[in-house]
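1. Generate a structure from the sequence data that follows.
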Amino acid sequence: MKELILFLIIIITISGAPPSDVPIFNVDLDGDAFHRWDQVLASFSNDDLQNFVTLLKSSSTLQTAYDSFWSNWLETNVEFVFGTELKTEMEGVANYTNIAFKDIVEVNLVWDLNVSCSILIGYDENSNPFLSHNEDYSLGTSILRQIVMRVNFQSNGSTIFTGISYAGLVGSRAIYKSGEFSLAHDRRESNASIIEELNNLTTGAKPIFVLIRQVGENCSDFTCAFNMVNTTYIASLGYFGICGKQPNEAYVITRDREQSYLVNQTFDGTDNWYLYEGNSDLNTNPPPYDTRREIINNYMRVIRQDNWNQTGIFYVMTFYPLRRESTVWNMIAIPSSSFLQAKILSCTTIYDYANNPIDCTSCIPTCEQGICLEYQGKCSCNAGFIGDSCGTFDTTNLPTTSDNSKKVNSAFGLAISSIALTVVITVLFVIIFKSKNKKSKSKSKSKENQNQNQRDVETKSKENQKYVELNQFESNQNNLNENLIK
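-> Numbering: from 1, shown residues only. From the prediction side, this is the model:
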């Protein structure tokens, strides 16, 4: 059954260029903060970081708000926001790259304003808590794939935690502490303007990436990390996925700025063995154009916990619509087994949940709040959502829940047909092979007996073929499709 499920997932997720490992670097926290990132930055093209800065400045809404905030307050209060250590690190990055300090600070703030991701947490087949995170960033996605990095933050010669980040950033987007916990962030929408979001920093609120790095540096276990994420005053709303090493240590935390708004826990060995977070509060329904939660639930009902491991996690997180044109990388962390995997996800062609190809390059990425994607003949902001044009959404022809289920069932039906055919061919091969062996051993028999045996084998082969084809196909199709419909 496990092989059948894995094959099914692979059929639906064939897409794009093969993923590559996120490059790994070491950063010495005991060394000089000003030069701490020099060796890391030497491994990247300075042009890529400069191009990303230029791209940020091309967004008039973002740049106008940031320029005003910088000149009116932030320029003289960088240390208040980031602390002495991180301020010095950013000064060193600016010095090494020859990029203005103001711009480096901006790069380290925009992640709170424009990131849109997916988080999946739960338990694998051995009851180990896991966390998987897709980083979606619609501004400069192709550049970010060139500068993403996996950093081992070290002290006294040992790694104290690992962070996934980008060249030029001194914080982390997600972290992992071997044998203890893992943490990732997803943006939560608010009605605040960019300048209102930035102004929260003046009251002592922490940028998200600063919080994540501080959790990695200061917490040695899950309890500390969980409490710190729940209570720290933060500048932007957010969702946090966090898992530990013990049973039932897997949560999605929905954050207001001052405190947690909602804490959702998963439970090993139950129907609530996983949670998916995709930019919507878990106690509300996502917008009608965002079908990610519905589709992931359909797949997870079929896969079940007893078939679940890191291979399955990766394939589920890299099929459409979880993997989108704006997806930069995926991380899978299983702290209890000291497993960490980070892959860069480039995209040429992806497939929707009905197994229809979507051309990632056919729309011009001009959205300020998302990236264009052609879907069902339309270009829309935020890959995977349906709209007439960038910035507007057409809700008149959205697929209904029943339509989505039919499309999912159609994709599964196609996959199951392929599986059934494969099984039939395999059985036929075995039957023919046995038939040849039997014929070889019966050379001493009379010609009439040989002919009779051959006719018997052929008759049996045809009966077996028909039996396997009908029963294997009908059984798998009914079982899997019934699970989806429930």
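2. any idea which helix or strand carries residue 152?
-> In this assignment (DSSP states H and E), residue 152 forms part of strand 148-155.
3. what lines up beside that strand in the sheet?
-> Using DSSP bridges, the strands paired with strand 148-155 are strand 24-28 (parallel), strand 158-166 (antiparallel).
4. how about the strands in the stretch 151-300 of the chain?
-> When secondary structure is read from DSSP state E, counting those that start in this stretch, the stretch 151-300 of the chain shows strands at 158-166, 174-177, 181-187, 238-243, 250-255, 260-265, 274-277.
5. Mean neighbour count for those strands - can I get that in a markdown table?
-> Placement of C-beta: from N, CA and C, glycine included. Converted to a markdown table, the strands of the stretch 151-300 of the chain look like this (neighbours: other CB atoms under 10 Å):
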| stretch | mean neighbour count |
| --- | --- |
| strand 158-166 | 21 |
| strand 174-177 | 28 |
| strand 181-187 | 28 |
| strand 238-243 | 26 |
| strand 250-255 | 23 |
| strand 260-265 | 15 |
| strand 274-277 | 23 |
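6. for the stretch 251-400 of the chain, which spans come out with low pLDDT?
-> 347-400 (pLDDT under 70).
7. Now do the same contact list for residue 316.
-> By CB atoms under 8 Å, 6 or more residues apart in numbering, the contact list for residue 316 reads 9, 120, 296, 299, 300, 303, 322.
8. What's the separation between it and residue 229?
-> Relative to residue 229, residue 316 is positioned 25 Å away (CB to CB, to the nearest Å).
9. quick one, what contacts residue 155?
-> Residue 155 makes contact with 28, 29, 30, according to CB under 8 Å, 6+ apart.
10. ok, which stretches of the stretch 51-200 of the chain are helices?
-> Applying DSSP state H, counting those that start in this stretch to the stretch 51-200 of the chain gives helices spanning 60-72, 78-97, 101-107, 111-114, 141-147, 194-199.
11. check contacts around the closest residue to residue 90 other than its chain neighbours.
-> In space, and not counting its chain neighbours, residue 90 is closest to residue 104: 5.0 Å by CB to CB, 6 or more residues apart in numbering. Contact analysis of residue 104 by CB under 8 Å, 6+ apart lists 90, 93, 94, 97, 168.
12. and these as TSV, adding neighbour count?
-> As requested, the contacts of residue 104 are arranged in TSV below (neighbours: other CB under 10 Å):
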residue	neighbour count
90	24
93	26
94	18
97	19
168	27
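13. Out of the contacts of residue 155, which comes closest to residue 270?
-> Nearest to residue 270 among those, counting by CB to CB, is residue 29 at 40.0 Å.
14. Is the closest residue to that closest one other than its chain neighbours bridged to anything, and to what?
-> Closest residue to residue 29 apart from its sequence neighbours, by CB to CB, 6+ apart: residue 155 at 4.7 Å. Counting by DSSP bridges, residue 155 forms beta bridges with residue 158.
15. quick revisit: okay if I get the contacts of residue 155 as a markdown table plus distance to residue 327?
-> Below are the contacts of residue 155 laid out as a markdown table (distance: CB to CB, whole Å):
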| residue | distance to residue 327 |
| --- | --- |
| 28 | 31 |
| 29 | 30 |
| 30 | 35 |
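16. closest to residue 330 among the residues you listed?
-> Out of these, the member with the shortest distance to residue 330 (by CB to CB) is residue 29, at 26.5 Å.
17. What about the nearest residue to residue 28 once chain neighbours are set aside, how many residues nearby?
-> Excluding the flanking residues, the one nearest residue 28 by CB to CB, 6+ apart is residue 154, at 5.5 Å. Neighbours of residue 154 under the rule other CB atoms under 10 Å: 17.
18. What of residue 329?
-> 27.
19. burial of the residue lying closest to residue 143 once chain neighbours are set aside, as a residue count?
-> Of all residues not flanking residue 143 in the chain, residue 52 sits nearest, at 4.9 Å (CB to CB, 6+ apart). Using other CB under 10 Å, residue 52 has 23 neighbouring residues.
20. List the residues that contact residue 52.
-> Contacts for residue 52 were tallied using CB under 8 Å, 6+ apart; they are 107, 140, 143, 144, 147, 168.
21. Equivalent analysis for residue 220, please.
-> Contacts for residue 220 (CB under 8 Å, 6+ apart) come out as 177, 180.
22. Distance check, it against residue 228.
-> Residue 220 sits 12 Å away from residue 228, going by CB to CB.
23. and if you look at residue 104?
-> Counting by CB to CB, the separation of residue 104 from residue 228 is 26 Å.
24. got it, and residue 168?
-> Residue 168 is 25 Å from residue 228, where distance means CB to CB.
25. can I assume residue 260 is in contact with residue 251?
-> No. Taking contacts as CB atoms under 8 Å, residue 260 lies outside contact range of residue 251: 9.9 Å.
26. May I see the buried residues of the strand holding residue 152?
-> 148, 149, 150, 151, 152, 153, 154 (16 or more other CB atoms under 10 Å).
27. again, but for stretch 332-350
-> Neighbour count says stretch 332-350 has 332-336, 339-347, 350 buried, by 16+ other CB under 10 Å.
28. what's the answer for stretch 92-102, then?
-> 92, 93, 94, 96, 97, 99.
29. What's the per-residue pLDDT of the last one here?
-> Translated: residue 99. At residue 99, the pLDDT value in this model is 96.
30. and it, what is it in contact with?
-> Contacts for residue 99 (CB under 8 Å, 6+ apart) come out as 49, 50, 53, 93, 168.
31. if I look at it, how far off is residue 39?
-> Going from residue 99 to residue 39 by CB to CB gives 18 Å.
32. Quick one: low-confidence residue ranges for the stretch 1-150 of the chain.
-> 1-18, 112-115.
33. make it 80
-> For the stretch 1-150 of the chain, the stretches with pLDDT under 80 are 1-19, 59, 111-116, 138-139.
34. export the strands of the stretch 151-300 of the chain to TSV and tack on distance to residue 291?
-> Output for the strands of the stretch 151-300 of the chain, formatted as TSV (distance: least, CB to CB, whole Å):
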stretch	distance to residue 291
strand 158-166	27
strand 174-177	25
strand 181-187	17
strand 238-243	18
strand 250-255	19
strand 260-265	20
strand 274-277	12
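35. Now do the buried residues in stretch 19-34.
-> Buried residues in stretch 19-34 (16+ other CB under 10 Å): 19, 22, 23, 25, 27, 33.
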